[in-house]
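A.B. asks: Requesting a structural model of the entry that follows:
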Amino acid sequence: MTNAKQTEVYSNLSIKTHRLILRPIHENDIDDINNNFTPKVTEFMPFNPTGDKNEVIHFVESSKKGLIMKTDIVFVILDHKEQFIGCCGIHNINPVSVEVGLWLKEDSQSQGFGSEVIISLIAFIERYFSIEYIMYPVDKENVRSRKISEKLGFTAFKTYTKQKNESANLDIIEYRKCYTK
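C.D. replies: You can find the predicted model right below:
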């Protein structure tokens, strides 16, 4: 990425779609995240929420540091009324690839928001980054996320196991959307 492109990407961080607004995470989002990052929401994620607000505070601080270091961009997802519905991000930013991910609060699932978020992240990445591929790791049991990745042109690249907690693992399919340089 050129310096001019880097400056532009980090100064234009709000993404708007037909129904959603994605904006960088902020301390004001801590309560919404803490209230909605539930065991049901994280069923297919390598996270185990405890309801401890300090964990969310650390997550927000870490996300802001990733933005400053230009390694990650974490967004909150707001609906058209600017109500919180989840988080998403562009992670592990490097010259070769980036990783995308998202989670939606329970009552915002199965409404097409996941597809809308990933489509908007792809468009943002394609505009501001020159990379070889986008990764989208999904648990093989997460049928809705698998459908999103396959519908949007990602292909299964590899599988691996990731520990969720002391007694459970996730079986991850790493989907990739490849580009030619």
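A.B. asks: Tell me the buried residues in whichever strand or helix holds K64?
C.D. replies: Using DSSP states H and E, K64 sits in helix 53-69. Using 16 or more other Cβ atoms under 10 Å as the test for burial, helix 53-69 gives E55, V56, F59, V60, S63, K64, G66, L67. The C-beta positions use only the backbone N, C-alpha and C, and glycine is treated the same way.
A.B. asks: Do you know the pLDDT at the first one?
C.D. replies: In other words, E55. E55 carries a pLDDT score of 87 in this model.
A.B. asks: Likewise for the third one?
C.D. replies: F59 is assigned 89 on the pLDDT scale.
A.B. asks: How about it, nearest residue that isn't a chain neighbour?
C.D. replies: Nearest non-adjacent residue to F59, counting by Cβ to Cβ, 6 or more residues apart in numbering: I33, 7.2 Å away.
A.B. asks: Quick one: end-to-end length of stretch 88-98, please.
C.D. replies: Using Cα to Cα, to the nearest Å, the end-to-end distance of stretch 88-98 comes out at 13 Å.
A.B. asks: how far out from the middle of the chain is that stretch?
C.D. replies: 10 Å (Cα atoms, centre = their mean, to the nearest Å).
A.B. asks: Tell me the helices and strands packed up against the helix or strand containing I172.
C.D. replies: I172 belongs to strand 168-178 when assigned by DSSP H and E. The contact analysis (3 or more Cβ pairs under 8 Å, 6 or more residues apart in numbering; DSSP states H and E) places strand 168-178 against strand 133-139, helix 143-151, strand 155-165.
A.B. asks: That concludes my questions; thank you for your assistance.
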